[in-house]
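> got a structure for you, letters missing:
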């Protein structure tokens, strides 16, 4: 069964979004996603509206509430949401980074605000996501931005490895995009492509959700979403360990099991 949501004011909406009742929260998230204009029309209560609340919740890392907030914000066309997803492009991980990329591909933003995510040297995935939303280099881009975008786009013509580009090339050849840079230059001693990790069975992935390392849990969650088999995951939503419950909810939400989750979490 689905929770019935009755909202008469901004105060009601905000209270529902912050309710400890996960069934109520999921129902109101669905309502906001289906009609964001109506949710925004309620206005603010004590200086906050629904976007302010969802943005605050979305900053809570990879928790289930943060992922719910990101999914709901993805349906809202608002400058604050654009700013939030630019922030998540630079600092988010996993599904949050994916949501940020998808949103920014569909909404205009100030180009320089994505440069930090592109040029950071800690995550190749983040650089690729930033490159995707920025597209091809533009004449007004700083040289470092133009070079990295060209390196990450096989269709782009690479600048020469000389003049103003020389030092930038050396930095790229020593950074996270080194494999792409070397391949673009056609260097014979380019490192071999890394071998993919051995595929884990479903039971191994489910067991990995109990790992104390959040990074292991996150990789297992992504792999289980890719498998698309929901039944084994459903048994974990009432697990005694919070991290396992959160991961199970996250996976099932990603697989579209919202109605099942509402019913399961409302059971006495």
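Yep, that arrived. Please read all numbers here as calculations on a predicted model, not as lab measurements.

> need the contact list for the residue nearest the centre of the chain.
The geometric centre of the chain, computed from its C-alpha atoms, lies nearest to residue 96 (CA atoms, centre = their mean), at 1.9 Å. Going by CB atoms under 8 Å, 6 or more residues apart in numbering, residue 96 touches 58, 61-62, 66-67, 70, 88. Using the backbone N, CA and C atoms, a C-beta is placed for each residue, glycine as well.

> Thought residue 251 was touching residue 221, still the case?
Yes: in this structure, residue 221 sits in contact with residue 251. The criterion is CB atoms under 8 Å, and the distance is 5.4 Å.

> More neighbours: which of these two?
Neighbour comparison, residue 221 and residue 251: the larger count goes to residue 251, with 28 against 23 (by other CB atoms under 10 Å).

> if we can go back for a sec, what does the pLDDT read for the residue nearest to the centre of the chain?
Residue 96 is assigned a pLDDT of 84 by the prediction.

> For it, give its distance to residue 172.
Summarising the geometry, the distance separating residue 96 from residue 172, computed by CB to CB, to the nearest Å, is 27 Å.

> pLDDT weak spots in the stretch 101-250 of the chain?
By pLDDT under 70, the weakly predicted segments of the stretch 101-250 of the chain are 188-199, 214-215.

> Got a ChimeraX select line for the buried ones in the contacts of residue 96?
To isolate the buried ones among those in ChimeraX, judged by 16 or more other CB atoms under 10 Å, type:
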select :58,62,66,67,70,88
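
> Just send the contacts of residue 96 back as a markdown table, with secondary structure too.
Supplementary listing: these in a markdown table, determined by DSSP: H, G, I helix; E, B strand; the rest coil:
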| residue | secondary structure |
| --- | --- |
| 58 | helix |
| 61 | coil |
| 62 | coil |
| 66 | helix |
| 67 | helix |
| 70 | helix |
| 88 | helix |
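
> so what's residue 266 scoring on pLDDT?
For residue 266, the pLDDT comes out at 56.

> Give me the next element, helix or strand, following the helix or strand harbouring residue 168.
Under the criterion DSSP states H and E, the helix or strand holding residue 168 is helix 166-173. Toward the C-terminus, helix 166-173 is succeeded by helix 178-185 as the next helix or strand (DSSP H and E).

> which parts of the helix or strand that that following helix is followed by are buried?
Counting by DSSP H and E, the next helix or strand C-terminal to helix 178-185 is helix 202-208. Of the residues in helix 202-208, 205-206, 208 count as buried by neighbour count, 16+ other CB under 10 Å.

> Kindly report the same for stretch 29-46.
So stretch 29-46, judged by 16+ other CB under 10 Å, has buried residues 29-33, 36, 39-40, 42, 45.

> and it, how far from the chain's centre?
Its chain's C-alpha centre and that of stretch 29-46 lie 22 Å apart, by CA atoms, centre = their mean, to the nearest Å.

> can you list contacts of it?
Contact partners of stretch 29-46, identified using CB under 8 Å, 6+ apart, comprise 5, 7, 9-14, 17, 49-52, 54, 68-69, 71-72, 75-78, 258.
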